[in-house]
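Enquirer: Predicted model and sequence follow; I will ask about them next.
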Amino acid sequence: MSNLTACERLELIRHKDRPTVNDYIPAMFTRFMEFHGDRLFGDDAAIIGGIGYLSDTPVTVIAQVKGRNLEENKRTNFSMPHPEGYRKALRLAKQAEKFHRPVICLVDTPGAFCGVEAEERGQGEAIARNLYEFMTLRTPVISVVLGEGGSGGALALAVCDELAMLENALYSVISPRGAASILWKDGTKEKEACEMLKITAEDLVKFGVCDKIIAEPTGGAHMSKEQTADNIYEYLVDAVYRLKKSDIDELLEKRYAKFRKIGMFTE
Amino acid sequence: MAIEDLFKIVKERFVAEQPAVPAAQEGDVEIPQDLLFKCPRCGAVVYNREFTAAMKVCPKCNYHARLTWQERLELTADKDSFVELDADMKSLNPIGFPKYEDKIAKMQQQCDMNDAIKTGVCTIRGYRTVIGIMDSHFFMASMGSVVGEKIARAFEYATEHNLPVVMFTASGGARMQEGIISLMQMAKTSGAVKRHSDAGGLYISVMTDPTTGGVTASFASLGDIILAEPKVLIGFAGRRVIQDTIRQRLPDDFQSAEFQEKCGFVDMIVERGMMRKRISNILKLHGFPKEAYRR
């Protein structure tokens, strides 16, 4: 496993060649078809959703889209979804439930978008609704954090039966920069905050948040997109096979228990 | 002698002739610090006595100011009806955050509570309900392990006993000092609300000042019925964050209760003086039995 510090990983996941879902989806799913829109307001390019095959199992894929260049990033809003993105995700998840397809969420976002329109359309409500509905969605849900797992914007696609993280991925309640500016009124102390927040995959395994660490090639995912995609694929095939076998009511009990038991307190 | 020097001499003499005004000493003049209240919304300054008598509502702009949990309980629950749940639950320091224990200890002393929420069972005009009161004076009522766990247990208790839940929300969001664990409380509480709902339970969420961040993005927004107090702040992202993103000044009523009602995220705005009655009317309409109560 990786010996890198949280900070070094932060640099890796911000690497300009870090693979995105646009690399992974074609590599992992066959006959993928993208479906658009939340049926309420519009379509959010920050989240791709659709159906395809994982090996020979039909699945629903919901993925946050980092751009590979400025042009793509402008279109996908740097992977910061608006409420309609989360509502599209929920619509497709409900569809998956109806047709008994496992749901695979690929998480890669700095966070939900913060803006006037996002507020007007209920960013808070949209995220809350996803947490609420995914908790009892009667089909297996698997989430994989590919790079950045930014707070509530990531969690909205991460209420799941199993959470996996790429080896160098980070998942945090607040961006290191945000934490630094709140704590020390100095956003440049990002590195200190990054270490302090305990946000690496290994940390999150300890907290019971992350269930599986997926290895990256030496030097990071960008060293071999194919190898990274293969590793994720292998994990997903195994997880879908396992979870599809379990009784759905049992699965929901376990899903609730997974989140229910996270917390540290005395009484 | 230069003319400037002449001025200087005159000035010095003038200053020397002024009787020295002793610096105000503590205890000299009694001006109680809490004599006046300055409204953070409209800037009006009113006598605290007047403001308190009006249940801490600004007489000028109707802003419903923040209450302590004791004040909220007093205004909401029937006399002597409150029985607390999980009173002794206290926070640990899951990510070893520097000085977190000290800060918590200080807050506990200041606010007379162990963490930012009180949960329990009470009656409201005779209707028995599970109640949760978040107090923004405690760490801006941010949600960490204790808040999340107490809310989850409150909903589970309500599910088990077929009781409704009335939750007074107020929060700055997730408690960063507990790292990823605080984020997970959003999933935990939302899941508990879902289970209560699936069992047919009624949940009234009452948004008070300020309801923001991870609390807005979890249980606060999931009420069957969502009430809000007038003029309070309700939103997901912080105002400053948004202002920095768009580089424009936001309108004053942005993220107010009225704004949220207009956008479709609040069912009804209720004046503080009417809240008890409104809640009890909703409970009555849902067929809950009325017990004898004292006020």
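Expert: Here it is on my side, so go on. Residues are numbered from 1 along each chain as shown, chains lettered A, B, ... in the order given.
Enquirer: Of all residues in chain A, which one is nearest the centre?
Expert: A:Val107 (1.7 Å; C-alpha atoms, centre = their mean).
Enquirer: hang on, isn't that one packed against A:Val145?
Expert: Yes - counting by C-beta atoms under 8 Å, A:Val107 does reach A:Val145; the two are 4.6 Å apart. No exception for glycine: its C-beta is placed from N, CA and C like everyone else's.
Enquirer: and stretch A:8-22, how far out from the chain's middle?
Expert: With C-alpha atoms, centre = their mean, to the nearest Å as the basis, stretch A:8-22 stands 14 Å off its chain's centre.
Enquirer: Just the CA coordinates for that stretch, please, in PDB.
Expert: What follows is stretch A:8-22, C-alpha atoms only, in PDB (Å, rounded to 0.1, in the frame of the first residue of the first chain):
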ATOM      1  CA  GLU A   8       1.300  14.000  -1.600                       C
ATOM      2  CA  ARG A   9      -1.900  12.200  -2.500                       C
ATOM      3  CA  LEU A  10      -3.700  15.500  -2.800                       C
ATOM      4  CA  GLU A  11      -1.100  16.500  -5.400                       C
ATOM      5  CA  LEU A  12      -1.600  13.200  -7.200                       C
ATOM      6  CA  ILE A  13      -5.400  13.400  -7.400                       C
ATOM      7  CA  ARG A  14      -5.000  16.900  -8.800                       C
ATOM      8  CA  HIS A  15      -2.500  15.700 -11.400                       C
ATOM      9  CA  LYS A  16      -3.600  16.900 -14.800                       C
ATOM     10  CA  ASP A  17      -3.500  13.400 -16.300                       C
ATOM     11  CA  ARG A  18      -5.400  11.800 -13.400                       C
ATOM     12  CA  PRO A  19      -8.000   9.500 -15.200                       C
ATOM     13  CA  THR A  20     -11.600  10.500 -14.900                       C
ATOM     14  CA  VAL A  21     -14.900   8.700 -15.400                       C
ATOM     15  CA  ASN A  22     -14.600   9.600 -19.100                       C
END
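Enquirer: Show me which residues of it are buried.
Expert: A:9-10, A:12-13, A:18-21 (16 or more other C-beta atoms under 10 Å in any protein chain shown).
Enquirer: do stretch A:126-138 as well
Expert: For stretch A:126-138, by 16+ other C-beta under 10 Å, it's A:126-137.
Enquirer: Could you dump the buried residues of stretch A:8-22 into TSV and include secondary structure?
Expert: Formatted as TSV, these follow (DSSP: H, G, I helix; E, B strand; the rest coil):
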residue	secondary structure
A:Arg9	helix
A:Leu10	helix
A:Leu12	helix
A:Ile13	helix
A:Arg18	coil
A:Pro19	coil
A:Thr20	coil
A:Val21	helix
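Enquirer: can you put these in a markdown table and add distance to B:Gly172 and pLDDT?
Expert: Converted to a markdown table, these look like this (distance: C-beta to C-beta, whole Å; pLDDT from 0 to 100):
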| residue | distance to B:Gly172 | pLDDT |
| --- | --- | --- |
| A:Arg9 | 28 | 95 |
| A:Leu10 | 25 | 94 |
| A:Leu12 | 32 | 94 |
| A:Ile13 | 28 | 94 |
| A:Arg18 | 32 | 96 |
| A:Pro19 | 36 | 97 |
| A:Thr20 | 33 | 97 |
| A:Val21 | 32 | 97 |
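Enquirer: of these, list those near chain B.
Expert: When contact is defined as C-beta under 8 Å from any C-beta of the partner chain, these do not meet chain B at all.
Enquirer: And these, which is closest to A:Asn231?
Expert: For these, the residue nearest A:Asn231 by C-beta to C-beta is A:Pro19; the value is 11.5 Å.
Enquirer: Quick check: what element follows the host helix or strand of A:Ala118 along the chain?
Expert: Taking DSSP states H and E as the definition, A:Ala118 sits inside helix A:116-120. Later in the chain than helix A:116-120, the nearest helix or strand by DSSP H and E is helix A:123-134.
Enquirer: Keeping just the C-alphas, turn that following helix into PDB.
Expert: Extracted in PDB, the C-alpha atoms of helix A:123-134 (Å, rounded to 0.1, in the frame of the first residue of the first chain):
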ATOM      1  CA  GLN A 123     -29.000  22.100  -2.900                       C
ATOM      2  CA  GLY A 124     -29.500  21.100   0.700                       C
ATOM      3  CA  GLU A 125     -32.800  19.400   0.000                       C
ATOM      4  CA  ALA A 126     -31.400  17.600  -3.000                       C
ATOM      5  CA  ILE A 127     -28.500  16.100  -1.000                       C
ATOM      6  CA  ALA A 128     -30.700  15.300   2.000                       C
ATOM      7  CA  ARG A 129     -33.200  13.500  -0.300                       C
ATOM      8  CA  ASN A 130     -30.500  11.300  -1.800                       C
ATOM      9  CA  LEU A 131     -29.200  10.300   1.700                       C
ATOM     10  CA  TYR A 132     -32.700   9.500   2.700                       C
ATOM     11  CA  GLU A 133     -33.700   7.500  -0.400                       C
ATOM     12  CA  PHE A 134     -30.500   5.700  -1.000                       C
END
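Enquirer: For it, give the mean pLDDT please.
Expert: In this model, helix A:123-134 has a mean pLDDT of 98.
Enquirer: Which residues of the stretch 151-267 of chain A lie near chain B?
Expert: So far as C-beta under 8 Å from any C-beta goes, the stretch 151-267 of chain A lies against chain B at A:151-152, A:155-156, A:158-159, A:171-174, A:179, A:182, A:196-199, A:203-204, A:207, A:209, A:256, A:259-260, A:262-267.
Enquirer: How many residues are close by residue 203?
Expert: Using chain A. 19 (other C-beta atoms under 10 Å in any protein chain shown).
Enquirer: wrong one, chain B
Expert: B:Tyr203 has 20 neighbouring residues, counting by other C-beta under 10 Å.
Enquirer: do A:Gly187 as well
Expert: For A:Gly187, the count of nearby residues is 15 (other C-beta under 10 Å).
Enquirer: In contact with it: list those residues for me.
Expert: Going by C-beta atoms under 8 Å, 6 or more residues apart in numbering or on different chains, A:Gly187 touches A:177-178, A:180-181.
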